[in-house]
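**Q** Please work out how this folds:
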Amino acid sequence: MVTRTIEASGIHEARARLEREGFRVFNVTPPKTSGVTALTALGRGGGHPRVKANDFLLFNQQLAALVRAGIPILQAISMLRKRAASAKLRTVLGNVEEQIRGGAALSEAFASQGPIFPRIYTASILAGERSGALDEVLSRYVTYMRRNVALRRKIRGALAYPMFLLFASACMVIFLTIYVVPRMSDLFANFGNELPTVTQIVVGLSRWMQTNVFWFAPLVIGGSILLFIWSRTPRGKLQISALILKIPLAGSLAVQLSVAQATRSLATLLAGGITLVESWEIASESITNLELRRRSESILPMIREGRSFTESLESAGWMPLLAIDMIGIGERSGSLREMLDEVAVFYDAESEVRLEQLTTTLEPAILVVMGGVVVTILLAIYLPIIQSISSGSGVTGAR
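**A** Prediction:
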């Protein structure tokens with residue numbers, strides 16, 4: 001039996017390469033990590049739900065204030081556990097408290113909870129413990145979270161009205177097609193005239209929906225469920241992320257949001273004294289668009305090889321040139337963290353402008369499309385009536 005070490009991007013690739021070389025592979029073990037990466041490895045993936053962002057933000061605000069006031073960590077965690085409004089957070093803090101009582105550090109206690117807490121959080125706590133400035137690290141992370149929570153609220157608020165408009169319009173169209181048009185079609189049958197083309201199409205569509213509703217409705221519901229399940233799979237998420245990047249306005253918005261998220265996360269970690277390699281490995285997980293995260297996989301190996309951070313970012317091929325130039329200036333001048341903060345602030349503002357453009361484009365587009373459908377249905381209803389009245393007037397005039 002032979003033990004061999006090879007370099008590969010993953011376990012499957014390593015196994016395939018060894019089998020191509022004629023080896024019979026019994027086991028492939030990935031390399032062990034160390035330092036911050038090892039401690040926070042439990043923060044990846046998993047099926048456990050995370051604590052709600054608002055509850056987590058409030059907890060960290062209170063924890064930072066208690067630590068700044070000089071209250072011991074164990075006592076602070078105990079106090080916050082009793083006052084937490086979230087049952088999930090109370091349970092988690094109970095586990096953290098037990099770990100600390102057993103002699104674990106705060107960072108280890110949080111990391112042991114698995115994917116409940118983001119890796120950037122446990123890494124920041126570890127950096128604060130190492131530097132002896134836990135209160136400063138917590139305050140910095142609170143600022144980071146506030147910006148993220150505020151951005152999420154803006155996105156939800158901006159998209160709420162277009163989504164409501166689309167839902168209300170769809171309900172109106174379904175009501176007219178299924179309820180109003182069939183009743184009017186009985187009236188049209190007594191006119192004796194040939195119906196306009198638009199009326200024939202709408203009435204035919206309405207009758208088809210009524211006749212096939214018992215199999216069409218389950219098909220639509222089943223298809224929607226399957227689409228939702230597919231969208232939750234890794235392949236589905238990746239393809240949806242790639243599709244978003246191809247949509248005008250939405251694609252550029254996704255890029256700007258990803259730049260802001262990655263640079264802000266990286267700046268927060270670097271400010272805690274974590275190395276650039278470990279910081280980027282953790283910060284890259286904050287990129288929510290999976291296609292952009294996939295393109296960023298080449299950055300970490302290049303940094304480890306000794307390439308400059310700016311050159312590594314440029315090789316990914318998705319970050320805007322302005323952001324790369326700003327980061328390059330910061331890297332060359334020795335003020336990378338400060339420049340990353342500036343990039344995050346700049347692209348936060350840019351994403352807000354792009355989000356406003358997207359919503360102002362969506363609203364009239366939805367109104368035009370759905371209004372056109374409603375007008376078509378109304379024309380299909382009123383044209384036969386107008387035609388009948390006109391023909392009746394013509395007959396009366398002839399007499």
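**Q** Every contact and neighbour count from this point should use C-alpha atoms.
**A** Noted.
**Q** other SSEs contacting the strand or helix carrying residue 237?
**A** Using DSSP states H and E, residue 237 sits in helix 234-246. On a contact count with 3 or more C-alpha pairs under 8 Å, 6 or more residues apart in numbering; DSSP states H and E, helix 234-246 meets helix 197-231, helix 250-271, helix 290-295.
**Q** Deepest in the core, which of those helices is it.
**A** Of all these, helix 250-271 carries the top mean neighbour count, a mean of 23, counting by mean count of other C-alpha atoms under 10 Å.
**Q** about what we covered before: can you list contacts of the helix holding residue 237?
**A** 230, 231, 250, 251, 252, 254, 255, 289, 290, 291 (C-alpha atoms under 8 Å, 6 or more residues apart in numbering).
**Q** export the helices and strands packed on helix 234-246 to TSV and tack on distance to residue 243 and mean pLDDT?
**A** Formatted as TSV, the helices and strands packed on helix 234-246 follow (distance: least, C-alpha to C-alpha, whole Å; pLDDT from 0 to 100):
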stretch	distance to residue 243	mean pLDDT
helix 197-231	12	87
helix 250-271	8	90
helix 290-295	9	92
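**Q** Could you dump the ones you listed into TSV with distance to residue 175 added?
**A** Shown next, in TSV, are those (distance: least, C-alpha to C-alpha, whole Å):
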stretch	distance to residue 175
helix 197-231	11
helix 250-271	31
helix 290-295	39
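**Q** what's the closest of these to residue 82?
**A** helix 250-271 (29.2 Å; C-alpha to C-alpha).
**Q** Helix 250-271 and the helix or strand just after that closest one, what's the angle between them?
**A** The helix or strand immediately downstream of helix 250-271 is helix 276-283, counting by DSSP H and E. Put simply, helix 276-283 runs at 130 degrees to helix 250-271, going by axes from the mean of the first three to the mean of the last three C-alpha atoms, to 10 degrees.
**Q** quick check: mean pLDDT across helix 276-283?
**A** The average pLDDT within helix 276-283 is 89.
**Q** Which positions within the helix or strand harbouring residue 121 qualify as buried?
**A** Applying DSSP H and E as the criterion places residue 121 in helix 119-131. If you call a residue buried by 16 or more other C-alpha atoms under 10 Å, then helix 119-131 has these buried ones: 119, 120, 121, 122, 123, 124, 125, 126, 127, 128, 129.
**Q** in the stretch 251-399 of the chain, which spans are helices?
**A** Ranges of helices in the stretch 251-399 of the chain, per DSSP state H, counting those that start in this stretch, are 276-283, 290-295, 299-304, 309-316, 321-333, 336-398.
**Q** Quick check, residue 250 in contact with residue 359.
**A** No. Judged on C-alpha atoms under 8 Å, residue 250 makes no contact with residue 359 at a distance of 10.0 Å.
**Q** And the helices in the stretch 1-150 of the chain, which stretches?
**A** Along the stretch 1-150 of the chain, counting by DSSP H, counting those that start in this stretch, helices occupy 11-20, 35-39, 53-68, 73-83, 87-101, 106-111, 119-131, 134-175.
**Q** among these, where is the model least confident on average?
**A** Among the helices of the stretch 1-150 of the chain, helix 35-39 scores lowest, with a mean of 50.
**Q** thinking again about what came up before, with distance to residue 239 as added columns, please give the helices of the stretch 1-150 of the chain in JSON lines.
**A** JSON lines is the format used below for the helices of the stretch 1-150 of the chain (distance: least, C-alpha to C-alpha, whole Å):
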{"stretch": "helix 11-20", "distance to residue 239": "21"}
{"stretch": "helix 35-39", "distance to residue 239": "28"}
{"stretch": "helix 53-68", "distance to residue 239": "26"}
{"stretch": "helix 73-83", "distance to residue 239": "40"}
{"stretch": "helix 87-101", "distance to residue 239": "32"}
{"stretch": "helix 106-111", "distance to residue 239": "31"}
{"stretch": "helix 119-131", "distance to residue 239": "25"}
{"stretch": "helix 134-175", "distance to residue 239": "22"}
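**Q** of those helices, which approaches residue 382 most closely?
**A** Of the helices of the stretch 1-150 of the chain, the one closest to residue 382 (C-alpha to C-alpha) turns out to be helix 134-175, at 16.0 Å.
**Q** Excluding sequence neighbours, find me the nearest residue to the residue most central in space within the chain.
**A** Geometric centre of the chain, nearest residue: residue 288, 5.0 Å, by C-alpha atoms, centre = their mean. Spatial nearest neighbour of residue 288, excluding adjacent residues (C-alpha to C-alpha, 6 or more residues apart in numbering): residue 258 at 6.7 Å.
**Q** contacting residues around that neighbour?
**A** Contacts of residue 258 (C-alpha under 8 Å, 6+ apart): 286, 287, 288, 289, 292.
**Q** correct me, but the fourth one touches residue 252?
**A** When you say that, I think you mean residue 289. No. Taking contacts as C-alpha under 8 Å, residue 289 lies outside contact range of residue 252: 11.7 Å.
**Q** Could you tell me which residues touch both of the two?
**A** With C-alpha under 8 Å, 6+ apart as the test, residue 289 and residue 252 reach no residue in common.
**Q** Pull the number of nearby residues for residue 139.
**A** Neighbourhood size, residue 139 [other C-alpha atoms under 10 Å]: 17.
**Q** can you tell me which residues contact it?
**A** Contacts of residue 139 (C-alpha under 8 Å, 6+ apart): 61, 64.
**Q** buried set for the helix or strand encompassing residue 181?
**A** Element membership of residue 181, judged by DSSP H and E, is helix 181-189. Within helix 181-189, the residues that qualify as buried by neighbour count (16+ other C-alpha under 10 Å) are 181, 182, 184, 185, 188.
**Q** now, which of these sits nearest residue 363?
**A** Minimum distance to residue 363 across the buried residues of helix 181-189 is 27.2 Å, recorded for residue 181 (C-alpha to C-alpha).
**Q** Quick check: that closest one touching residue 381?
**A** Yes. The pair residue 181 / residue 381 is scored as a contact, 7.0 Å apart, by C-alpha under 8 Å.
**Q** So what touches stretch 285-303?
**A** Contacts of stretch 285-303 (C-alpha under 8 Å, 6+ apart): 237-239, 241-242, 254-255, 258-259, 261-262, 265, 277, 280-281, 284, 309, 312-313, 315-318.
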